[in-house]
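Student: pasting the structure only:
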């Protein structure tokens, strides 16, 4: 995998860990659900919610269609 893709995946995983910390009682939920819940109480997440959704979709494409 390309170094830039690895870096992207690493950074998005860090964001996901942050979301898990923000919504501890919703640990079994996926990234999108955690994002929705956390964005209700965090104006920065609310502001970038759509971009983060797109990044999540890109992550899924990278992970599921690797060489």
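Tutor: Sure, I can see it. Every value quoted in this text rests on a predicted model; they were computed, and no experiment measured them. Numbering: from 1, shown residues only.

Student: How about the most centrally placed residue in the chain: what's its closest non-neighbour residue?
Tutor: Centroid-nearest residue in the chain: residue 16, 4.6 Å away (criterion: CA atoms, centre = their mean). What sits nearest to residue 16 in space, not counting adjacent residues and going by CB to CB, 6 or more residues apart in numbering, is residue 31, at 5.5 Å. From N, CA and C alone the C-beta is placed, and that goes for glycine too.

Student: how near is that neighbour to residue 8?
Tutor: 14 Å (CB to CB, to the nearest Å).

Student: ok, now how distant is residue 8 from residue 41?
Tutor: Residue 8 sits 26 Å away from residue 41, going by CB to CB.

Student: higher neighbour count, the two?
Tutor: For residue 8 against residue 41, the residue with the higher neighbour count under other CB atoms under 10 Å is residue 8, and the figures read 16 against 10.

Student: OK, contacts around that one?
Tutor: Contacts for residue 8 were tallied using CB atoms under 8 Å, 6 or more residues apart in numbering; they are 55, 58, 59, 62.

Student: Show me which of the residues you listed are buried.
Tutor: 55, 59, 62 (16 or more other CB atoms under 10 Å).

Student: Torsion angles phi and psi at the last one?
Tutor: Right, the one you point to is residue 62. phi -60, psi -50 (degrees, to the nearest 10).

Student: and the gap between the residue nearest to it when sequence neighbours are not counted and residue 24?
Tutor: Excluding its sequence neighbours, the residue lying closest to residue 62 (CB to CB, 6+ apart) is residue 5, at 5.5 Å. The span separating residue 5 from residue 24 equals 30 Å under the rule CB to CB.
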